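**Student:** Next input, structure requested:
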Amino acid sequence: MQPEQGHRLAGPTDGDAVPPRPAEPDPPAGDPVPPRPAEPGPPATDPAPPRPAEPGAPLSEPRTFRLPGAIVAWWAWLILAAVVLADIAFTGRNHTAVEIAATLLFVTGLVYACALRPRVIADSAGITVQNPLRDHRVPWGSVIAVDLKESVQVHCAAEPGAKRGKVIHSWALYTQRRTRLRSEMLKQGDRRRLPRNTVTADSGMSPQTQKLLNQPAAQLMATQLDDLAREARERGAAPGPPVVRWAWPAIAAIIAPAIVLVLVITVFR
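**Tutor:** Numbering: from 1, shown residues only. Below is the predicted model:
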């Protein structure tokens, strides 16, 4: 009888070394995931190109030129007149008080017409010179030059059949005699009699800055208006005749109180 043979699992014996398991190769790198297509939508439109500047339109918005002193004078008078009228309303009960009130209204109309209303307005089509009782409208193509003498002057092109063009004087933009003499002395290089507040070469500023600071405000505004007129002519602004209109609101502000004052003095006594 053969000895019983033990059953053993197939495999290496205890004395044999277990060979290392070969490393599995890395999976091949896959192709990059394509980006997700954008959802369909309205086609993109190119931004609208900027509109070219129209000939003779150097300004997009109107610009107003006037001196601040006239505005200060208007408000100072208006406050004074309001205080006096309020005092008359509470205390005045005689004919003299009525005359004073009528006189205040008449002077207020004059101050409005002569101080608050005058100005120079520049827009895309031309220049408007508002004086106390009349308005002058000139297209840019007819403005030859703008300069300063006693006041700002707008030189217009000569109309057909006229020997020379019209010169419009602005009531709003003017220069005092002392300021004008100082500017003339600066141009001539004479600094011996200049006021102490005049900026000189020793102030550390550039010559161009000194020149600007020593110019009167009306001169600076006249230079700006002259530049606007030159740019408009270069753009091809069309000429045209100056138009003059009466300023009826200002005329009414003067005439109506004047009639009341005359009636109070001569009739209602």
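**Student:** Now do the helices in the chain.
**Tutor:** Ranges of helices in the chain, per DSSP state H, are 68-91, 95-111, 177-188, 207-213, 217-234, 248-266.
**Student:** now the ones you listed as JSON lines including mean neighbour count and distance to Glu150?
**Tutor:** Any C-beta I mention is one placed from the backbone N, CA and C, and that applies to glycine too. JSON lines is the format used below for those (neighbours: other Cβ atoms under 10 Å; distance: least, Cβ to Cβ, whole Å):
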{"stretch": "helix 68-91", "mean neighbour count": "13", "distance to Glu150": "16"}
{"stretch": "helix 95-111", "mean neighbour count": "17", "distance to Glu150": "21"}
{"stretch": "helix 177-188", "mean neighbour count": "14", "distance to Glu150": "8"}
{"stretch": "helix 207-213", "mean neighbour count": "12", "distance to Glu150": "21"}
{"stretch": "helix 217-234", "mean neighbour count": "18", "distance to Glu150": "10"}
{"stretch": "helix 248-266", "mean neighbour count": "15", "distance to Glu150": "22"}
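**Student:** So for Gly141, which of the ones you listed sits nearest?
**Tutor:** helix 217-234 (6.4 Å; Cβ to Cβ).
**Student:** Please list the residues outside the closest one that contact it.
**Tutor:** 56-59, 65, 67, 120, 122, 127, 140-141, 143-148, 151-152, 154, 173-175, 183, 212 (Cβ atoms under 8 Å, 6 or more residues apart in numbering).
**Student:** From Phe268, how far off is the residue lying closest to Arg269 once chain neighbours are set aside?
**Tutor:** Sequence neighbours aside, His95 is the residue nearest to Arg269 in space, at 6.5 Å (criterion: Cβ to Cβ, 6 or more residues apart in numbering). Applying Cβ to Cβ, to the nearest Å, the value for His95 to Phe268 is 8 Å.
**Student:** Low-confidence stretches in this protein?
**Tutor:** Within the chain, the ranges that satisfy pLDDT under 70 run 1-58, 177-214.
**Student:** in it, which strand has the most residues?
**Tutor:** Identified as the longest strand of the chain according to DSSP state E is strand 167-174.
**Student:** what residues does it touch?
**Tutor:** 65-67, 70, 114, 118-120, 129-132, 136, 138, 148, 150-156, 218, 221-222, 242.
**Student:** If any of those residues are buried, give me the ChimeraX selection for them.
**Tutor:** Those of the contacts of strand 167-174 that count as buried under 16 or more other Cβ atoms under 10 Å are selected in ChimeraX with:
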select :65,66,67,70,114,118,119,120,129,130,131,132,136,138,148,152,153,154,155,156,218,221,222,242
